[in-house]
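Visitor: Predicted model and sequence follow; I will ask about them next.
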Amino acid sequence: MMNILVTGSKGQLGSEFRSLANDYPEFRFAFIDMEELDLTDFPAVHTFFKNNDLDYCVNCAGYTAVDQAEDKPEKAFLLNSDAVENLAKECTANQVRFVHISTDYVFDGQTTKPYKEDDRVSPQSVYGSSKLQGEQAVLKNSADAVIIRTAWLCSKFGKNFVKTMLKLAAEKSELSVVDDQFGSPTFAEDLARAILQIIKADNRNMRNEIYHYSNGGIISWFIFAKQIVKMAGLPCDVKPVNTSEYPTKAKRPAYSVLDTAKIKRDYGLAIPEWKTSLWKLINQLKDTESND
């Protein structure tokens, strides 16, 4: 039985691993969050790895407040880079396979075709820069790690765009959403299952690799919001606006579609289209609401 450590276990992706654990009896999971283990404290991380028999570490932890990172760069780099370096070093020292989650924000968004893993990186925000530095820490300190860049993460857990749109559309008759930023949603349950499939397929010959994962399809935030409202059956009118009409502290990539051909090829993944997973998520949220 493989022992898998999941960090950031109270976030969207970490919570999905918790939810799916019973579906994978061949794995024994350990879930930790910053309250249980401060990943920025190297002696504490060292002691944890020394005292626990682990085969894999899936790092879902990180500082994800994109706009706040502009005001708190030290905190962003501490969690997204320094903590990652601590994990990478201990994974290497203890022969633990490392799966690290990164982001589309490492790119500048100034293209019109999906980003491949080896395309030039050029983050435009503190958040993106801190995540890129985390990637570099993994590659420097690991020999058998997988970095998975993802984008537009959504889940029945935590805060995300789908849940925000559902809440606002239930309260308002009209919403304005940017229509000039393009990407692909990633449903956290799909990503968690993909990571577990990668772990299942690993024959202990894993080498440092970067992969991209998001659901199929290319849309704007406006199209995404319109579909969310439609599937939920809410009588709210969604209107398109330009990014210039909705200024944010941190610059968002105008185009951050990720090319997922490599991960599909290497691991035989079948990645669902975004509408399929959105429908599933909305029904999950309805079930959760009816059970409250």
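Guide: Looks like it came in fine.

Visitor: so where's the longest helix in the protein?
Guide: helix 274-291 (DSSP state H).

Visitor: Flag every buried residue along it.
Guide: Using 16 or more other CB atoms under 10 Å as the burial criterion, the residues of helix 274-291 that qualify are 274-275, 277-278, 281-282, 284-285. C-beta: built from backbone N, CA, C; applies to glycine.

Visitor: now A261: how far from E245?
Guide: 35 Å (CB to CB, to the nearest Å).

Visitor: Dump the buried residues of helix 274-291 to a markdown table, plus distance to F157 and pLDDT.
Guide: Listed next are the buried residues of helix 274-291 as a markdown table, based on distance: CB to CB, whole Å; pLDDT from 0 to 100:
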| residue | distance to F157 | pLDDT |
| --- | --- | --- |
| W274 | 18 | 98 |
| K275 | 21 | 98 |
| S277 | 14 | 98 |
| L278 | 16 | 98 |
| L281 | 11 | 97 |
| I282 | 14 | 97 |
| Q284 | 10 | 95 |
| L285 | 10 | 95 |
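
Visitor: could you dump those residues to JSON lines with distance to T150?
Guide: Formatted as JSON lines, these follow (distance: CB to CB, whole Å):
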{"residue": "W274", "distance to T150": "13"}
{"residue": "K275", "distance to T150": "18"}
{"residue": "S277", "distance to T150": "13"}
{"residue": "L278", "distance to T150": "16"}
{"residue": "L281", "distance to T150": "15"}
{"residue": "I282", "distance to T150": "20"}
{"residue": "Q284", "distance to T150": "19"}
{"residue": "L285", "distance to T150": "20"}
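
Visitor: If you count contacts, what does the helix or strand bottoming out on mean pLDDT in the chain end up packed against?
Guide: Least confident element among the helices and strands of the chain, by mean pLDDT, DSSP states H and E: helix 274-291 (a mean of 90). Helices and strands touching helix 274-291, by 3 or more CB pairs under 8 Å, 6 or more residues apart in numbering; DSSP states H and E, are helix 161-171, strand 186-187, helix 188-201, helix 221-232.

Visitor: Just want the angle from the last one to helix 274-291.
Guide: Using axes from the mean of the first three to the mean of the last three CA atoms, to 10 degrees, one finds that helix 221-232 and helix 274-291 are set 50 degrees apart in direction.

Visitor: Return the set of buried residues in helix 221-232.
Guide: Buried residues in helix 221-232 (16+ other CB under 10 Å): 221-229, 231-232.

Visitor: do the same with the third one
Guide: Of the residues in helix 188-201, those with enough neighbours to count as buried (16+ other CB under 10 Å) are 188-196, 198-199.

Visitor: what does that helix contact?
Guide: 2, 4, 12-13, 15-17, 19-20, 24, 26-27, 56, 58, 97, 99, 146, 148, 150, 153-157, 213, 215, 263, 267-269, 271-272, 277, 280-281 (CB atoms under 8 Å, 6 or more residues apart in numbering).

Visitor: ok now the longest helix of the chain, how far from the chain's centre?
Guide: Centroid displacement of helix 274-291 relative to its chain, using CA atoms, centre = their mean, to the nearest Å, is 19 Å.

Visitor: next one: stretch 209-226
Guide: 12 Å.

Visitor: From the opening residue of stretch 26-41 to its closing one, how far?
Guide: Its first and final residues considered, stretch 26-41 spans 31 Å by CA to CA, to the nearest Å.

Visitor: returning to that earlier point: let me know the angle separating the least confident helix or strand of the chain from helix 161-171.
Guide: Using the same axes, to 10 degrees, helix 274-291 lies at 60 degrees relative to helix 161-171.

Visitor: start at 517 instead
Guide: Understood, numbering begins at 517; the last thing we discussed is helix 790-807.

Visitor: now the strands: where do they sit in the stretch 517-666 of the chain?
Guide: 518-523, 543-548, 572-575, 613-619, 661-666 (DSSP state E, counting those that start in this stretch).
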